[in-house]
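Q: please work out how this folds:
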Amino acid sequence: MKKILILAFSLYSLSSFCQNTNSPVIKEILGKVKDHYLDKDLYKKLDSELQLKNFESLNGKNLAEELTKQLRIISQDQHFFVKYVENFNPEDRKITKEITASNNFHNSLENFGFENVKRLEGNIGYINFKGFAEPNSSAKTLASAMDFVAHTNSLIIDLRENRGGDNGMLLLFCSYFFKEKTNLYSTYFRDKEKTVQNNTLSKVPGQKYLNKNVYILTSKQSFSAAEGLAYFLKAYKLAQVIGENTGGAANPVDPFIIGNKYLLLIPTGKVTAAITGGNWEHTGVSPDISTTSEKAFKTAHVLALKEILKNKTETDLNKSDLEKVIRQLENE
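A: Prediction:
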């Protein structure tokens, strides 16, 4: 977890661009990368390698998809993203915000990413969370979800289909698991030449979830802010991560409109966690318990029930019933 100096080209580059009807788009993208990408030298590599690609026959959505593919391959940064935007009105900046929100690593606008919130057998909370929408609009829904699971004995947070999103929402969600305000990480922005400190909140709209077992489910598709939630709760020993190693995209992005036709997302900052001195860029978040994405939920449910049984935690099931549910799950 969510938001021009023109390049001086060689004569060869200029002549190459003149032969390509997509050259203005590519030129503007390179200019944005030069000015804003966290690695100031990447644009040189992009300039050189994009010259070798033939985009002449592509347009609209097809061009956006190919540019996304090439930007990610050349940079090895999965946060690059290009989307074709039809009927964009440059005079209406609200549209830019709407496009960014709806396309920020596939965040769902349906219930602000909260697909399902329920109580499982053994008084275990479960939140299926698919996207980090910006906190001003989603804080109440998060509070409602956390209030719903507040009295459970343990909590499973399912991030297997979560593609990330808004940084503010990441900090807000993390805040529910920290008793006090905590400096989680700093973000350095090369284009602004500044470093921003990112802290949890001492107070949140809903009930905090403290001193209980938390299990986070991950998959290879878990991305960006979803990885951040898993990374920080794991690093502070506030949760166990169960499932697959995540995608490996740590750095935040900013949106840019290219040629009034394309939305370009560029990683503009570098995240450094206070507790580890690093982040999950390229490496992803490794699980505490490695299993397939499909088996992660059952693994977490069984583990939570066994912990309840082991600690003799009072719940809605007696010892015999707990053992029965565990056997049933393990035999599925």
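
Q: where does pLDDT dip in the chain?
A: 1-21, 88-109 (pLDDT under 70).

Q: redo that, cut-off 80
A: 1-22, 51-52, 86-110 (pLDDT under 80).

Q: what about the strands in it?
A: Ranges of strands within the chain are 81-84, 114-120, 124-129, 154-158, 183-189, 194-199, 213-218, 240-243, 253-258, 262-267, 269-273, 289-290, based on DSSP state E.

Q: let's have the ones you listed in TSV, adding mean neighbour count and distance to Glu56.
A: Backbone N, C-alpha and C define where each C-beta goes, glycine included. Formatted as TSV, the strands of the chain follow (neighbours: other C-beta atoms under 10 Å; distance: least, C-beta to C-beta, whole Å):
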stretch	mean neighbour count	distance to Glu56
strand 81-84	20	17
strand 114-120	15	42
strand 124-129	23	42
strand 154-158	25	44
strand 183-189	18	35
strand 194-199	14	40
strand 213-218	26	41
strand 240-243	26	43
strand 253-258	21	18
strand 262-267	23	17
strand 269-273	20	34
strand 289-290	14	45
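
Q: any idea how far the residue nearest to Val204 when sequence neighbours are not counted lies from Val253?
A: Distances taken as C-beta to C-beta, 6 or more residues apart in numbering place Ser175 nearest to Val204, at 5.1 Å, with adjacent residues excluded. From Ser175 over to Val253 the distance is 22 Å, taken as C-beta to C-beta, to the nearest Å.

Q: quick revisit: any idea how far Ser75 is from the residue nearest to Val204?
A: For Ser175 relative to Ser75 (C-beta to C-beta), the value is 32 Å.

Q: repeat that for Lys181.
A: Taking C-beta to C-beta, one finds Lys181 at 35 Å from Ser75.

Q: the two: who's more crowded?
A: Remark: of Lys181 and Ser75, Ser75 carries more neighbours, 20 against 12, as counted by other C-beta atoms under 10 Å.

Q: hang on, the more buried one packs against Leu42?
A: Yes: if you go by C-beta atoms under 8 Å, Ser75 and Leu42 touch, sitting 5.7 Å apart.

Q: contact partners for the residue nearest to Val204?
A: By C-beta atoms under 8 Å, 6 or more residues apart in numbering, the residues touching Ser175 are Thr200, Leu201, Ser202, Val204, Lys208.

Q: just the buried members of the residues you listed?
A: Thr200, Leu201, Val204, Lys208 (16 or more other C-beta atoms under 10 Å).

Q: could you point out the longest helix in this structure?
A: Selection of the longest helix in the chain by residue count, based on DSSP state H, yields helix 293-310.

Q: by contact count, what packs against that one?
A: strand 124-129, strand 154-158, strand 213-218, strand 240-243, helix 319-331 (3 or more C-beta pairs under 8 Å, 6 or more residues apart in numbering; DSSP states H and E).

Q: quick one: the fourth one to chain centroid distance?
A: Using C-alpha atoms, centre = their mean, to the nearest Å, the mean C-alpha position of strand 240-243 is found 16 Å from that of the whole chain.

Q: quick one: the helices in the stretch 51-200 of the chain, in order.
A: All helices of the stretch 51-200 of the chain, identified by DSSP state H, counting those that start in this stretch, fall at 60-75, 93-103, 135-148, 167-175.

Q: in the shortest one, what counts as buried?
A: Pointing back at helix 167-175 there. Asn167, Gly168, Met169, Leu170, Leu171, Leu172, Phe173, Cys174, Ser175.

Q: centre of the chain to that helix, how far?
A: The answer for helix 167-175 is 11 Å, by C-alpha atoms, centre = their mean.

Q: what's the closest non-adjacent residue to Ala133?
A: Phe112 (4.4 Å).

Q: what's the separation between the one you found and Val214?
A: 20 Å.

Q: how many neighbouring residues does Lys61 have?
A: Neighbours around Lys61, by other C-beta under 10 Å: 13.

Q: so what's Glu187 up against?
A: Quick fix: residue 187 is Thr, not Glu. Taking C-beta under 8 Å, 6+ apart as the contact definition, Thr187 lies against Asn167, Thr195, Val196, Asn198, Pro252, Gly269, Lys270, Val271, Thr272.

Q: pretty sure the fifth one contacts Ile266?
A: The one in question is Pro252. No: in terms of C-beta under 8 Å, Pro252 does not count as a neighbour of Ile266; the distance is 10.0 Å.

Q: in the longest helix of the chain, what's buried?
A: Those would be 293, 296-297, 299-305, 307-309, for helix 293-310 by 16+ other C-beta under 10 Å.

Q: closest to Phe148 among these?
A: Of all the buried residues of helix 293-310, Ala304 has the smallest distance to Phe148: 16.8 Å, by C-beta to C-beta.

Q: follow-up on the earlier one: need the helices and strands packed on helix 293-310 in JSON lines with distance to Asn22, can you?
A: Converted to JSON lines, the helices and strands packed on helix 293-310 look like this (distance: least, C-beta to C-beta, whole Å):
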{"stretch": "strand 124-129", "distance to Asn22": "38"}
{"stretch": "strand 154-158", "distance to Asn22": "41"}
{"stretch": "strand 213-218", "distance to Asn22": "37"}
{"stretch": "strand 240-243", "distance to Asn22": "40"}
{"stretch": "helix 319-331", "distance to Asn22": "54"}
